[in-house]
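Asker: Got a sequence here, can you build the structure:
(chains A and B)
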Amino acid sequence: MSNGVHEIEDAKLLLVFGYNGADSHPIVARRIVRAKRKGAQIICVDPRRIETARIADLHLQLKNGSNLALVNSLAHVIIEEGLTDNAFIAERSHGFDELKELVKKYSPEAVADITQIHPDDIRKAARLYATSGQSMILYGMGVCQFAQAVNVVKGLANLAIMTGNFGRWGVGIGPVRGQNNVQGACDMGALPNSYPGYQNVTIPEVQAKFEKAWGVPLSNKVGVPLTHVPRYVLHEPEDKKIRAYYVFGEDPAQSDPDLNEVRESLEKLEFLVVQDIYMTRTSQYADVILPATGWNEHDGVFTCCDRGFQRIRKVINPPPDADVLTDWDIISRISTAMGYPMKYKNTEEIWNELIDLCPNFTGATYEKMEKYVNVQWPCRSKDLADKGTSFLHKDGHFANPDGKAKFSAVDWLPPTEKENQEFPLIFSTNREVGHYSARSMTGNCRLLRNLEDEPGWIQMNPALCQELGVKEGELVKVVSKRGHCVTRCLPTERVKKQAVYMTYQWWIGACNELTIAALDPISNTPEYKYCACRVEKIKNQVWAEKYVLEEYAKIRAAMGVNPKGGQTA
Amino acid sequence: MNSFVQGDPLLCIGCRTCAIACVVAHEGKRVFEIDPDGYDFHPRLSMVKTWLVSVPVQCKHCENPACLAVCRSEAISQVEGKVLVDQAKCIGCKSCVEACPFGAVRMVALGFATNPDGSPRAVAHKCDLCHGLPGGPACQRVCPTEALRLVEREDLDAIVKNKRQATLVAAASPELRDRPNAF
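Answerer: Have a look, this model is predicted:
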């Protein structure tokens, strides 16, 4: 995020775009509620009537998959009505003329059919955003989980640049990341193209720096993104093929799109290592399982989505018979066994090595995290006076070589797989409060499991339910071109009739059986938010209920855990 | 006057932390120590979501409760300003569920009490304002957006006062309405 989470409540206007805080991050949602209480106006852009939409001044209930058409139209109105910050554009950016030319054709009238939004509402939203004086954009997976994702993010940044909403308190754009430490994983270089601190592996000086620090020659080749692994296992020629796979705190057999293909690739692998805290769907395919400690059994550092480093502390010892190690100890031992001796006394020692190699993190010492609780990078000096950076781009200075922001001019593209006669509905994944990610943690929390358990729900408009003759709680079959699953019907007028929604953490209601592995060309994130499906009534409900119970027991038995319920062994 | 817990739909985010806190408060620490399937998960409030509103619905602890009036087994009583169900005395006639104007009472099957035919026994279940538990209503304490509050005599007085004020303003002639400090 360009700005701190704590700044949300001070914004005068929040444009919440494809981000469902109430279900994904209740603690961030609290900031949105507080902003509203402090008098902020809220525009919510979401195909569903999510909690934010209820308290918003304006809800643009757009058609799924029309993001960039709407964003370009907002830019069109801001430019057409002369609401731009011309000084900021002239002094702090380039590329505006190209964008201005491109968005000419995106009048609210021209995109009304694509977005299903009344032109007046688009105009109203553009005016509110451009004129509040302190507007902040929050976006989430409703932007990122499309084949056209990065360009929508750039489109949202266009809005912030052209209105001068960057580089101050309570403005900017905030990707409110899907998981608690996904920012931390990226910060630490768990990406195919970078060392820790976003230092690119292809830059010779960077390579030389890390080679010197670690005393080994390092590759300058960009690695394989997670979502390309199935292709590298199944379809690449022999010399390029992936044969071994080390999966660490991730459950691709649950969370990746098109599970049929994922399973096939996991089966084809010659060697699979899984390092996790509980058995997962992926661990069923593992040759070796390395059991690791849970979040309360080890020390470390998490990064919040707003770049804030925070300590996490060991609270309890693992059970004496658990035979688990901390993740960093496992990695050290593997590395040592593979011929590169690695030995650390504690996480602080690892952290100190890391921050000295990453200029943007150098000042974020354990001492400061202890003292200030939250230290947001960039924090370049170890001096206690450098408390980190709440908002980026101060005085309009951007991270590009010329220090200026760059407008992006890109046309809207429709989603990859459109509805058709056989599969007439839009299928989208979503989140529900309580269960986190692939459920390997929350599925083992008994109260959260009590709140929601297998096989999950599919959100459907009541008119659609009536048409199909299905009632609340009834088991239904959901089918796409790639697979099917069984789940429960949840009628809700908060979704339109054209689209249905499921969460992705269930084993039986595994909606990734349906999703499509269409990837954004830049981020390689799959189009989890759009594919075509149909919902079928199951006539024999007694059979269906029995099927769910039997499947649950079967999966648990295959994972070697208690067959009765939940995940705990 | 009896107090009750009320949710504010403008603050509620529908997260159901209140529902979990309700079960934990009534079951106590043992929830975390027993077999995960060894207790009943029956929150005493229900999250209701419509197009306009998300908010938990729970007992208003009426002064002259309809549920109490229709109860044939003396299972429902008023104690220290709270309307309580003694589930051991409940005969499961469901009259209170029908009588409650707010949908605040429901029947729950207790997994550990059985009927003569072996089926799980269903009894009346509702909010007891955490009667006998330390710290007051748990739902209100845990709400991340402070959407729940315990409404007491002085809160109602304030609501009434504000409404009277608004009535005066609405009824006043335009000249009076525009004069500073008229109200």
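Asker: give the contact list for the nearest residue to A:Pro47 once chain neighbours are set aside.
Answerer: Closest residue in space to A:Pro47, ignoring its immediate chain neighbours: A:Asn64 at 4.8 Å, by CB to CB, 6 or more residues apart in numbering or on different chains. Backbone N, C-alpha and C define where each C-beta goes, glycine included. By CB atoms under 8 Å, 6 or more residues apart in numbering or on different chains, the contact set of A:Asn64 is A:Pro47, A:Pro415, A:Ile426, A:Ser428, A:Gln498, A:Ala499, A:Lys529, A:Tyr530.
Asker: likewise B:Pro144?
Answerer: Residues near B:Pro144 by CB under 8 Å, 6+ apart: A:Pro26, A:Ile27, A:Ala29, A:Arg30, B:Ile13, B:Cys15, B:Thr17.
Asker: One more pass at 7 Å, please.
Answerer: Neighbouring residues of B:Pro144 by CB atoms under 7 Å, 6 or more residues apart in numbering or on different chains: A:Pro26, A:Ile27, A:Arg30, B:Cys15, B:Thr17.
Asker: what about the third one, neighbour count?
Answerer: Okay, so that is A:Arg30. Neighbours of A:Arg30 under the rule other CB atoms under 10 Å in any protein chain shown: 23.
Asker: got it, and the last one?
Answerer: The local packing of B:Thr17 (other CB under 10 Å) involves 19 other residues.
Asker: next one: the first one
Answerer: Residues near A:Pro26, counting by other CB under 10 Å, number 21.
Asker: hang on, it packs against B:Cys12?
Answerer: No. Contact criterion CB atoms under 7 Å: A:Pro26 and B:Cys12 do not qualify, at 10.9 Å.
Asker: Give me the contact list for the strand ranked longest in chain B.
Answerer: Of all the segments of type strand in chain B, defined by DSSP state E, the longest one is strand B:106-114. Residues from elsewhere that reach strand B:106-114 (CB under 7 Å, 6+ apart): B:Asp40, B:His42, B:Lys94, B:Val97, B:Pro120, B:Arg121, B:Ala122, B:Val123, B:Ala124, B:His125.
Asker: got a winner among those residues for most neighbours?
Answerer: Greatest neighbour count in the contacts of strand B:106-114, by other CB under 10 Å, goes to B:Ala124: 26 neighbours.
Asker: quick one: contacts for the residue most central in space within chain B?
Answerer: The residue lying closest to the centre of chain B (CA atoms, centre = their mean) is B:Gln58, at 2.5 Å. Contacts for B:Gln58 were tallied using CB under 7 Å, 6+ apart; they are B:Val5, B:Arg44, B:Leu45, B:Ala104, B:Cys127.
Asker: mind running it again at 10 Å?
Answerer: By CB atoms under 10 Å, 6 or more residues apart in numbering or on different chains, the contact list for B:Gln58 reads B:4-7, B:18, B:22, B:43-46, B:102-104, B:126-127, B:129, B:137, B:139, B:148.
Asker: Go back to these and keep what's next to chain A.
Answerer: Checking the contacts of B:Gln58 against chain A by CB under 10 Å from any CB of the partner chain, the ones in range are B:Pro43.
Asker: mind listing which of the contacts of B:Gln58 are in helices?
Answerer: Among the contacts of B:Gln58, the residues falling in helices (DSSP state H) are B:Cys18, B:Cys22, B:Cys139.
Asker: Tell me the one of those residues nearest A:Pro319?
Answerer: Nearest to A:Pro319 among the ones in helices among the contacts of B:Gln58, counting by CB to CB, is B:Cys22 at 29.7 Å.
Asker: Quick check: the closest one vs A:Ser335, distance?
Answerer: For B:Cys22, the distance to A:Ser335 equals 48 Å [CB to CB, to the nearest Å].
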